[in-house]
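Participant: Here is a sequence with its predicted model. Questions after.
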Amino acid sequence: MAMRVATFAQSEQMIAGALRTQAVMAEKQVQESSGVKSEDYGSFGATSQQIVNLQVSVTRAQSYIDAAQVADSKVQVMYSAVGSMTDIITSLRSQLSAATVGSTTGSASAINSAGQMLDEMASLLNTQYNGQYVFSGARTTTAPVDLSSYASSTGSATTADTSYYQGDGEIASVRVSDQQTVSYGVTADNAAFEQVMRVLRLVANSSSPLSSSTITDALGVAETALDATSAVQTKLSNAASQIETASSRQSDYKSYAETLSSDLTGVDVAAVTAELSTYQAQLTASYSAISKIQGLNLASYLK
């Protein structure tokens with residue numbers, strides 16, 4: 001029985017097959033190291049657009065999260081400042097209530113404290129976050145309160161006066177989703193702050209001893225101002241709650257989109273490692289066979 005020695009063409013076919021196996025192995029090795037099927041979107045075929053859309057959604061969600069975090073930090077700073085303003089007006093009420101009509105000592109203490117509180121109030125309204133004034137509206141590089149002219153007169157207990165204000169009327173807001181924008185800004189000319197400024201100036205520039213009418217008027221404005229500043233705090237608290245809720249939703253969506261994207265692009269590393277082992281064994285066997293075939297010749301066969 002005659003046996004035919006392998007031809008050149010057969011040898012070339014086996015080499016080509018081995019090279020294809022080697023190419024597949026190289027691809028699997030890249031997948032094993034990167035954890036993804038391919039870094040080329042074209043390799044994903046019909047799902048490539050879905051993957052791109054998911055990754056764009058992840059980036060957009062992160063931008064909303066970042067914006068919400070900055071806005072939330074500003075709101076927290078503003079809330080704290082307004083809380084200190086509430087403490088100021090509460091302290092003034094206590095001193096006014098303790099100032100007996102005709103008492104020089106009690107009046108002098110209230111007048112002196114009001115002057116200090118006015119400076120403190122201005123400092124609170126000039127609060128900055130990350131180098132920007134938070135109560136200036138859109139004029140974040142301009143201090144919203146200037147007392148140089150304002151503090152020199154007594155003013156009126158009943159007439160509003162925001163001449164101290166140097167900002168504008170823009171109310172800060174933040175977009176937290178495609179459909180939702182939260183307004184959270186409060187400017188230093190807000191009615192609540194104006195009332196605090198007004199009563200502090202009134203008392204600070206009054207003569208000692210304080211008159212009955214001055215004490216009565218000041219207490220009336222202080223009472224209204226306390227309610228108003230509390231309302232501002234409530235507004236800020238509600239804004240913070242909306243911002244944090246929206247940010248949490250964006251975080252949840254981002255995680256969901258990242259998981260979907262990973263499912264479409266990722267590989268099972270353990271499975272790929274097992275495949276690599278199989279291909280390695282197959283490649284080793286192929287090259288062994290090629291080596292034996294190429295070593296055959298007629299002389300060797302006839303021995």
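Facilitator: All right, it came through fine. Numbering: from 1, shown residues only.

Participant: quick one: low-confidence parts of the stretch 51-200 of the chain?
Facilitator: 100-103 (pLDDT under 70).

Participant: And the strands in it?
Facilitator: 128-129, 132-133, 173-175, 181-183 (DSSP state E, counting those that start in this stretch).

Participant: For the last one, enumerate the helices and strands it packs against.
Facilitator: What it means is strand 181-183. Helices and strands touching strand 181-183, as assessed by 3 or more Cβ pairs under 8 Å, 6 or more residues apart in numbering; DSSP states H and E, comprise strand 173-175, helix 212-265. No exception for glycine: its C-beta is placed from N, CA and C like everyone else's.

Participant: By mean pLDDT, show me the worst of those.
Facilitator: The minimum mean pLDDT among these belongs to helix 212-265 (a mean of 93).

Participant: From the contact counts, what lies against that helix?
Facilitator: Using 3+ Cβ pairs under 8 Å, 6+ apart: helix 212-265 touches helix 48-98, strand 181-183, helix 191-204.

Participant: on that earlier part again, for the strands of the stretch 51-200 of the chain, which one sits closest to residue 225?
Facilitator: strand 132-133 (21.6 Å; Cβ to Cβ).

Participant: who's in contact with that closest one?
Facilitator: With Cβ atoms under 8 Å, 6 or more residues apart in numbering as the contact definition, strand 132-133 has outside contacts at 126-127, 139-144, 167.

Participant: what do you get for stretch 244-258?
Facilitator: Against stretch 244-258 from outside (Cβ under 8 Å, 6+ apart): 54, 57-58, 61-62, 64-65, 68-69, 72, 176-177, 180, 182.

Participant: buried residues in that stretch?
Facilitator: For stretch 244-258, the neighbour count (16 or more other Cβ atoms under 10 Å) marks 244, 246-247, 249-250, 253-254, 257 as buried.

Participant: could I get the strands of the stretch 51-200 of the chain as a markdown table with mean neighbour count?
Facilitator: Listed next are the strands of the stretch 51-200 of the chain as a markdown table, based on neighbours: other Cβ atoms under 10 Å:
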| stretch | mean neighbour count |
| --- | --- |
| strand 128-129 | 15 |
| strand 132-133 | 17 |
| strand 173-175 | 17 |
| strand 181-183 | 15 |
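
Participant: mind checking which of the helices and strands packed on strand 181-183 is nearest residue 108?
Facilitator: So among the helices and strands packed on strand 181-183, helix 212-265 is nearest, using Cβ to Cβ, at 13.5 Å.

Participant: the inter-axis angle of that closest one versus helix 191-204?
Facilitator: Put simply, helix 212-265 runs at 150 degrees to helix 191-204, going by axes from the mean of the first three to the mean of the last three Cα atoms, to 10 degrees.

Participant: Return the distance of helix 212-265 from the chain's centre.
Facilitator: 14 Å (Cα atoms, centre = their mean, to the nearest Å).

Participant: Compare the contacts of strand 132-133 and tell me which has the most neighbours.
Facilitator: Counting neighbours by other Cβ atoms under 10 Å, residue 144 comes out on top of those with 24 neighbours.
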